[in-house]
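Undergrad: compute the structure for the input listed below.
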Amino acid sequence: MPYFDAASSAPLHPVARQALQASLDEGWADPSRLYREGRRARLLLDAAREAAADAVGCRPDELVFTPSGTRAVHSGIAGALAGRRRVGSRLVVSAVEHSSVLHSAAAHREQGGSVTEVPVDRTGRVAPAAYAQALGEDTALACLQSANHEVGTEQPIAEVAAACQVAGVPLLVDAAQSLPWGPVEGGWSLLTASAHKWGGPAGVGLLAVRKGVRFAPQGPADERESGRAPGFENIPAIVAAAAALRAVRAEAAQEALRLRELTERIRARVPELVPDCEVVGDPERRLPHLLTFSCLYVDGETLLHELDVAGFSVSSGSSCTSSTLTPSHVLKAMGVLTEGNVRVSLPTGTPSDDVDRFLRVLPEAVSSVREKLGAPDAAAGRTKTGSLVVDSLGKRCPIPVIELAKAIGDVPVGGTVTVLSDDEAARLDIPAWCEMRGQEYVGEEPADRGSAYVVRRLS
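TA: Down below sits the predicted model:
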């Protein structure tokens, strides 16, 4: 069964499996002890740290291993903010950061700090000038992911890092998605990553803090990992993570070219095969293995189920899932369609034939979901009135947009359709639908319940 969700977690790399099995016999002892078994464990830990530091582009004594990438982010942000509390309490982040960064930002705000969120354009990219403008004198820390986890867009790290250096503000880079493909360029101050993103075992994260960065570890003191990651080191997992990172880096240049060709094929073919579909993210400055597209009139969770039945494992940032009724914060920040969202992220070694079969299966899967939801067909022979009101209160994405699409043919050119909806996703998806279908989004008006979204027919 083709697995197309490497951005969530990559399959364990064969090199990682070999290293894990070997180090289970050699790396079980306490590396802080001076006896033979402890020295052997310390040698394994030091070698793994050197290999990981070489891949990151930092000194070994600047890098510590954490229990996860999320813990690395939380520890990095908390430590940097605490270390620079005399400077100020402002944290600057982009609007499309990973939830681990945004959760840290929310906790910082609750503790009395301030947070500035830098917007992105429709491709998901920040403008370096806008980011630089957000760096006030009271800024303690800035955060910017190297590449987005949902749409693959690469951020201008070098330019933002230069602006941060001018402002005297340290920059934390979440490199979870990009580190397997190469080091992060630019003068970053802190960097985090997660081993299961590149084929290492889960439960290993990286936190690099450059020398000279003011950093105060939070929580009870611990002697291990420079006090920045308390607890006994999982040496077998750490060794496997470092071995996997070295292995994928050795393959990265060649594999990036191959996977980029496959994702380009998907990007080009999906809009041709699936009507009313939008491929999002930067088409050029992006990760080689990841792409995202959104389909009108589709429930993302139902589409994922259809693709799973067809033999494909993909993920979704759609607002229409059983776990949340709020839109993807990434797609929301980009101002693109949030419904029917599918993220395809190809693991190393993905065969070309799997991609071709996915493209054969996808149109039927989308059509099946649209049929189940009662998506609109071409309207003909309807009586047209100057304006209509569509009551979609209590209905969830993508139903309000489906009902809008059905009603737009019942008004003449210049007429309006007003959609009443209390679904948060409608605030994003109705304007996105208008842009995709060439209609005019007049705006949002207050209503007794929810909001009234007014659309004018242009064609």
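Undergrad: okay, CA-based contacts and neighbour counts for the rest of this
TA: Fine.
Undergrad: leaving out the residues flanking it, which one is nearest to H98?
TA: Spatial nearest neighbour of H98, excluding adjacent residues (Cα to Cα, 6 or more residues apart in numbering): H149 at 7.1 Å.
Undergrad: actually, F65.
TA: That would be L206: by Cα to Cα, 6+ apart, it lies 4.9 Å from F65.
Undergrad: quickly note the distance from that neighbour to A242.
TA: The spacing between L206 and A242, counted by Cα to Cα, to the nearest Å, is 10 Å.
Undergrad: more neighbours: the two, which one.
TA: L206 (30 against 27; other Cα atoms under 10 Å).
Undergrad: look up the residues forming beta bridges with the more buried one.
TA: F65, A193 (DSSP bridges).
Undergrad: which ones are touching it?
TA: For L206, the contact set (Cα atoms under 8 Å, 6 or more residues apart in numbering) comprises L63, V64, F65, T66, S68, G69, A72, L191, T192, A193, S194, A195.
Undergrad: let's see 7 Å
TA: By Cα atoms under 7 Å, 6 or more residues apart in numbering, L206 lies in contact with L63, V64, F65, T66, G69, A72, T192, A193, S194.
Undergrad: and the first one, what's its pLDDT?
TA: Same thing as L63. Per-residue pLDDT puts L63 at 97.
Undergrad: do the one 5 residues further on as well
TA: On the pLDDT scale, S68 is placed at 96.
Undergrad: ok, it touching P201?
TA: No: at 10.1 Å, S68 does not count as touching P201 under the criterion of Cα atoms under 7 Å.
Undergrad: who has more neighbours, these two?
TA: P201 (27 against 20).
Undergrad: doesn't L12 make contact with that one?
TA: Yes: with contacts counted by Cα under 7 Å, P201 reaches L12, the gap being 6.4 Å.
Undergrad: next one: the longest helix along the chain to chain centre, how far?
TA: Longest helix of the chain, by residue count under DSSP state H: helix 235-273. How far helix 235-273 lies from its chain's middle: 16 Å, per Cα atoms, centre = their mean, to the nearest Å.
Undergrad: what's it packed up against?
TA: helix 14-26, helix 36-56, strand 277-280, helix 352-373 (3 or more Cα pairs under 7 Å, 6 or more residues apart in numbering; DSSP states H and E).
Undergrad: let's see 6 Å
TA: helix 14-26, helix 36-56 (3 or more Cα pairs under 6 Å, 6 or more residues apart in numbering; DSSP states H and E).
Undergrad: which parts of the longest one are buried?
TA: Neighbour-count burial for helix 36-56, counted by 16 or more other Cα atoms under 10 Å, picks out 37-42, 44-53, 55-56.
Undergrad: what sits up against the helix or strand where V342 lies?
TA: Here V342 sits within strand 341-345, counting by DSSP states H and E. Under the criterion Cα atoms under 6 Å, 6 or more residues apart in numbering, residues 4-7, 289-294, 300, 314-318 lie in contact with strand 341-345.
Undergrad: tell me which of these is nearest to V118?
TA: G317 (20.6 Å; Cα to Cα).
Undergrad: pLDDT score for that closest one?
TA: The per-residue pLDDT reported for G317 equals 67.
Undergrad: what stretches of this structure score poorly on pLDDT?
TA: Across the chain, the ranges flagged by pLDDT under 70 are 317-326, 377-385.
Undergrad: regarding the most centrally placed residue in it, what is its secondary structure?
TA: Within the chain, one residue has its C-alpha closest to the average C-alpha position: by Cα atoms, centre = their mean, that is H149, at 2.2 Å. Under DSSP: H, G, I helix; E, B strand; the rest coil, H149 falls in the coil class.
Undergrad: show me the contacts of strand 341-345 that map onto helices.
TA: Per DSSP H, the contacts of strand 341-345 map to helices at G300.
Undergrad: identify the farthest-apart pair in the contacts of strand 341-345.
TA: H289 and G300 (20.8 Å).
Undergrad: re earlier: closest one of the contacts of strand 341-345 to A106?
TA: G317 (20.6 Å).
Undergrad: quick one: the strand holding V342 to chain centroid distance?
TA: 11 Å.
Undergrad: got the angle for that strand vs helix 235-273?
TA: Counting by axes from the mean of the first three to the mean of the last three Cα atoms, to 10 degrees, strand 341-345 points 130 degrees away from the direction of helix 235-273.
Undergrad: can you list the domains in this structure?
TA: 14-248, 252-373, 387-456 (automatic domain parsing).
Undergrad: V166: how many residues sit nearby?
TA: Count around V166 with other Cα under 10 Å applied: 11.
Undergrad: so which bits of the helix or strand hosting it are buried?
TA: Using DSSP H and E, V166 falls within helix 157-167. Using 16+ other Cα under 10 Å as the test for burial, helix 157-167 gives I157, A158, E159, V160, A161, A162, A163, C164.
Undergrad: export these as a markdown table, with columns for distance to L304.
TA: Shown next, in a markdown table, are the buried residues of helix 157-167 (distance: Cα to Cα, whole Å):
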| residue | distance to L304 |
| --- | --- |
| I157 | 33 |
| A158 | 36 |
| E159 | 37 |
| V160 | 36 |
| A161 | 38 |
| A162 | 41 |
| A163 | 41 |
| C164 | 41 |
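Undergrad: among these, which one lies nearest to P236?
TA: I157 (32.6 Å).
Undergrad: I'd like to know how far the closest one sits from V330.
TA: 18 Å.
Undergrad: again, but for I408
TA: I408 is 29 Å from V330, by Cα to Cα.
Undergrad: now E185
TA: Plainly put, E185 is 23 Å away from V330 if you go by Cα to Cα.
Undergrad: and the two? Which one has more around it.
TA: V330 (23 against 14).
Undergrad: without its sequence neighbours, what residue ends up closest to that one?
TA: What sits nearest to V330 in space, not counting adjacent residues and going by Cα to Cα, 6+ apart, is V96, at 4.8 Å.
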